[in-house]
Structures are given as C-alpha cells and as structure tokens.
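> Just a sequence and a predicted model for now, questions to come.
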Amino acid sequence: MRQIVAVWTIVSALLLWPASAGAATLGGGPLADLQLQLSAISMHAPGHVAMEVEDLATGTTAGLNVAASMPAASTIKIPVMVEVFRQLSLGLFDLNREVTLMRGDKDWGSGSLCDAPVGTRYSVSRLLLSMITVSDNTAANMLIRLVGRQHINHTMAELGLRRTRLSDYIRSDGYHIRYALRTSASDMVTLLTSMAKEELVDEWSSREMIDIMSRQRINSLLPRALPPFVSIAHKTGSLHDTLNDVGIVFADPNPYVIAVMTTNLWDLDAGRSFIRGVSRIAYDDMMRLASQNTNDLAPAPADATTTTTNSANSDGSAATNGAQVSGSDDVPMWGPSPAPAPTATP
C-alpha cells in the first residue's frame, strides 16, 4: 500500500507542478514540460516502464525508454489486425470470409471463443471484433493462422517497426509468452500515428481499424484517467506482471498518440495507477499546450482598457483546461453491449 501511495504522490505532485517551471528547465520546446514530468514519474515507477506520447498536429514526441523491447502481451493483436486489413486490401479475402475453429487455436487466457466446439465457423469481422474489443486469444490465433505469422512479422518490418515480433501463436500458459510477443513504445506509437493519419494500409482500412479499437470494452487503464467526453481508440495488454495500454486519444483540439508499457511489476494495482497517472499527465499537458497556442494566436484587443479573461470560450461557454478532473473515473466510456460488426469491404 505504501508503494501505491508513493506512485500517486508523485503523480499528484506533477499534476500540480507549474508548467512554466518544466519548460524553463528544458529550455523550451512544445513537449518539454511533458518530457520532464515523464522522466520524474519514471523514477517512482513500480517496475520497468517505457512510454511515448506524440502530438499528432506537430509530430513532436516525449517519452522514456521508447525503443526498449518489452513484452507486448495483447497489444500484439494490433499488428495482427493490420495484416488482416493489408490482405483484405489485396483482395485475398473479405470480412465475410469464415474461418473454422481448430483445436490448436484454443487458448483460455482471454475470451470465450475457446469454449466453442471445434469446427465452429466465424467470420473475419467477428474475429476482429472479438480479438480487439474483448482481447480474445482464440480469435487472435485463428486470424494469425489465416494471414500467416511470417507475413505479420514481414509487414511490421516493412513499416519500420524494429522491436515488434510475433514468434509464436498466443499461448497464455507458461513464461514463454513474455519472449514470444515483443514490441516497444516507439513501435506502437509509429503504428498508431500512421493509423490516425489514415495512412496505415489505406484510408478505409485505417478508419475501420480505428472504429474497431474505439469499441474497446477493457477500459481500466488509459481511458480511466480521461474526462468521459474524450474519445480514445486503444488496445490493452496484460500478463501476470505486465500491463500495457496504447491508443489514439481524440482530444479536442490536440489529438495525440500514447503508449505506456510496464513489466516486472511488484503489483498490478500499482501498474494500473502508474498508467492512469501517465495518461492524465499527458492529457493535461496537451490541453495546456492547446490553450497556450490559442492564446498566442488570439488577436490583440481593440481597446487597450478592455480586460480579457480565460474563464470562457468565444461562444460564452465555460472554458476547459488540463486541470479539470472528470466527475467519476469509474464511468465507462462505452456500454457493455457488443457493437455491430464492421461493414463489408467496399
């Protein structure tokens, strides 16, 4: 408990730390304060951590251990999804293609498809939704078998992802999974940035992948620290001592990509607190940056005697700022009912 309190103590201190102090220390730069805060919080991390944040408007990044090879856990399912859409774009199959469940596909670590009888058939669209939104391992294995593990690895290499590799099917029992599924914070940010810019595979594929990730039903990490009105498309990953969450945060007016990866955790609750803390720090800094940019671009008042204020937006509504906290961190961002399957390939 003392260790968890220590994590939140540093997070709280950083959230209250004046932004000007961090920027001055690093000598300027749009994400200088965020970089300083990430470095500071990492010194109180509950295990080995890696993280990166990219401002989608400028391409500026901040992070720590961004190239470190980390256990990917279920974040590896994003590369699997990417390869599925790459092969869809080539016309090798469509979203209605049915895949037959085989005994070797089954993994009981996550999801319910493993309980279905061998020989059950599922459409590619159903498997994609199950693999991403509820992190079904059996669905992932069926899609890996469909597109080929070697093709997944080759495509990731072609995209410039140097630390991402799928060396086996997903087998949650045993220690092997830590080494069979690998990635880095930088690799995940690279992949998701391309997706956010609608350049991953093609425009339609990028939009479809974002739509699937936006239906995520495991929302206890990055989204928990965000205000409930902020949309996020993301994917989590977890093992017995590992927690990851990577995603695109559609914060208005400063959308960004974030990847936070933790392993060798002494306690999963401490890992959850750490990821939520980083998520809130990143959001607050992006909102501070957006507010700063807005003020810099604002025209000078016509009357020098007029007093200006930051307490309201131009339309008279209350202004939002990075220091605001959502009403309840426990309010889910999406309902529990499953969303409809993606549309067929155009």
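Sure, I can see it.

> what about residue 259, which helix or strand?
If you go by DSSP states H and E, residue 259 is part of strand 256-263.

> Sheet partners, orientation included, of that strand?
According to DSSP bridges, strand 256-263 forms sheet pairs with strand 48-55 (antiparallel), strand 242-250 (antiparallel).

> Mind giving me the packing neighbours of the helix or strand following the first one?
What it means is strand 48-55. Remark: after strand 48-55, the chain's next helix or strand is strand 61-64, criterion DSSP H and E. Contact here means 3 or more CB pairs under 8 Å, 6 or more residues apart in numbering; DSSP states H and E; on that basis strand 61-64 packs against helix 32-42, strand 48-55, helix 185-196. C-beta: built from backbone N, CA, C; applies to glycine.

> These: which one's closest to residue 94?
Closest approach to residue 94 among the helices and strands packed on strand 61-64 is made by helix 185-196 (20.5 Å; CB to CB).

> tell me the angle of the closest one relative to strand 242-250?
Angle, helix 185-196 to strand 242-250, by axes from the mean of the first three to the mean of the last three CA atoms, to 10 degrees: 30 degrees.

> hmm, who's touching helix 185-196?
Helix 185-196 is contacted from outside by 50-54, 56, 61, 63, 65-68, 70, 75, 78-79, 82, 156, 159-164, 200, 206, 209-210, 246-248, 255, 257-261, using CB atoms under 8 Å, 6 or more residues apart in numbering.

> Show me where the stretch 101-250 of the chain has its helices.
Secondary structure of the stretch 101-250 of the chain (DSSP state H, counting those that start in this stretch): helices at 124-133, 137-147, 149-158, 177-180, 185-196, 203-214.

> TSV for those, including distance to residue 98 and mean neighbour count?
Converted to TSV, the helices of the stretch 101-250 of the chain look like this (distance: least, CB to CB, whole Å; neighbours: other CB atoms under 10 Å):
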stretch	distance to residue 98	mean neighbour count
helix 124-133	8	24
helix 137-147	10	24
helix 149-158	20	15
helix 177-180	27	18
helix 185-196	26	24
helix 203-214	18	18
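
> where among the ones you listed is the average confidence lowest?
Mean pLDDT is lowest for helix 177-180 among those, at a mean of 92.
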